[in-house]
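> predicted structure and sequence below. I'll ask about it afterward.
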Amino acid sequence: MILPMLGALEAILFAAGSEGVTDEELAEILQLPVHECRSLCEALQEAYDERGSGLQVVQLGGSWQLLTRPEHAVYLRRMAASPMSTHLSPAALEVLAIVAYRQPISRAEIEMVRGVQSDRAIHTLVHRQLIAEVGRQDAPGRPILYGTTQTFLQAFGLRSLDDLPPLPPEPEDPEALSLFQKPPAWPRD
C-alpha cells in the first residue's frame with residue numbers, strides 16, 4: 001500500500017511545482033489522515049536520500065515541495081546556459097506560426113485563433129527567444145503584443161519575414177475557420 005501512495009505523492013509534488021502542497025491539502029487529495037500524509041512525505045524524503053537522488057522532498061513555509069539538490073546547482077546552471085533544445089511542442093509551433101504571420105498579436109488574440117489557452121506555449125517561446133514583447137495594445141489592461149525575433153529568423157533560416165511561405169488560400173466555405181483568420185478587432189472607446 002505504501003509504494004503506490006509514494007508514487008501518487010511524488011506525482012502530486014511534481015505537479016504542484018514551486019507552490020508546494022500542505023499536509024491538509026495532501027490529506028484531502030490522498031484521502032488520508034494528516035499524520036499519514038506527513039509520514040508519507042518523510043518516507044519519500046528518506047527514499048530519495050537513500051538512493052542519492054538528485055531530487056529531495058523538503059518542507060518549506062508549511063508546504064511540501066519536490067526540489068533539486070543544491071549540490072547539483074552547477075550542472076543546472078550549465079544546462080540553462082547551454083544552447084536551447086530545438087524541439088518545440090506542437091502547441092508551441094502553432095503559437096509560433098500564428099505570431100509569425102499575424103504579428104503584432106496579443107495572447108488573447110492568439111487564444112481566439114487557437115481556441116485554447118496558450119500561456120505555456122507563449123512562455124516557452126519567450127524563454128527560447130523566438131518571440132518577444134514588441135509593444136502594448138491600446139485596449140483595457142494594455143495587453144502585451146508579441147512578435148518574432150532575430151533568433152526566430154536565424155533558427156528557421158529566414159532573411160526576413162517576407163521569406164515565410166505563403167498561407168494556403170482561405171476555404172470557399174465562409175463558415176469554415178482558418179487557423180490564421182484574423183479575429184475581430186478589440187472595441188475602442
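Okay, I see it. Numbering: from 1, shown residues only.

> if you count neighbours, what's buried in whichever helix in the chain runs longest?
Criterion DSSP state H: the longest helix present in the chain is helix 34-50. Residues of helix 34-50 classed as buried by neighbour count (16 or more other C-beta atoms under 10 Å): 37-38, 40-41, 43-44, 48. In short, each C-beta sits where N, CA and C put it, glycine included.

> got the contact list for that helix?
2, 5-6, 9-10, 13, 23-24, 26-27, 30, 32, 53, 55-59, 64 (C-beta atoms under 8 Å, 6 or more residues apart in numbering).

> pLDDT on that helix, on average?
Across helix 34-50, pLDDT averages out at 94.

> dump that helix to PDB, restricted to CA.
Taking Å, rounded to 0.1, in the frame of the first residue of the first chain, the C-alpha atoms of helix 34-50 are listed here in PDB:
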ATOM      1  CA  VAL A  34      -2.800  14.400   8.000                       C
ATOM      2  CA  HIS A  35      -0.400  12.400  10.100                       C
ATOM      3  CA  GLU A  36      -0.200   9.700   7.500                       C
ATOM      4  CA  CYS A  37       0.500  12.200   4.800                       C
ATOM      5  CA  ARG A  38       3.300  13.700   6.800                       C
ATOM      6  CA  SER A  39       4.700  10.200   7.300                       C
ATOM      7  CA  LEU A  40       4.500   9.500   3.500                       C
ATOM      8  CA  CYS A  41       6.400  12.800   2.800                       C
ATOM      9  CA  GLU A  42       9.100  11.700   5.300                       C
ATOM     10  CA  ALA A  43       9.200   8.200   3.700                       C
ATOM     11  CA  LEU A  44       9.600   9.700   0.200                       C
ATOM     12  CA  GLN A  45      12.300  12.100   1.600                       C
ATOM     13  CA  GLU A  46      14.200   9.100   3.000                       C
ATOM     14  CA  ALA A  47      13.900   7.100  -0.200                       C
ATOM     15  CA  TYR A  48      15.400  10.000  -2.200                       C
ATOM     16  CA  ASP A  49      18.200  10.300   0.400                       C
ATOM     17  CA  GLU A  50      19.000   6.600   0.400                       C
END
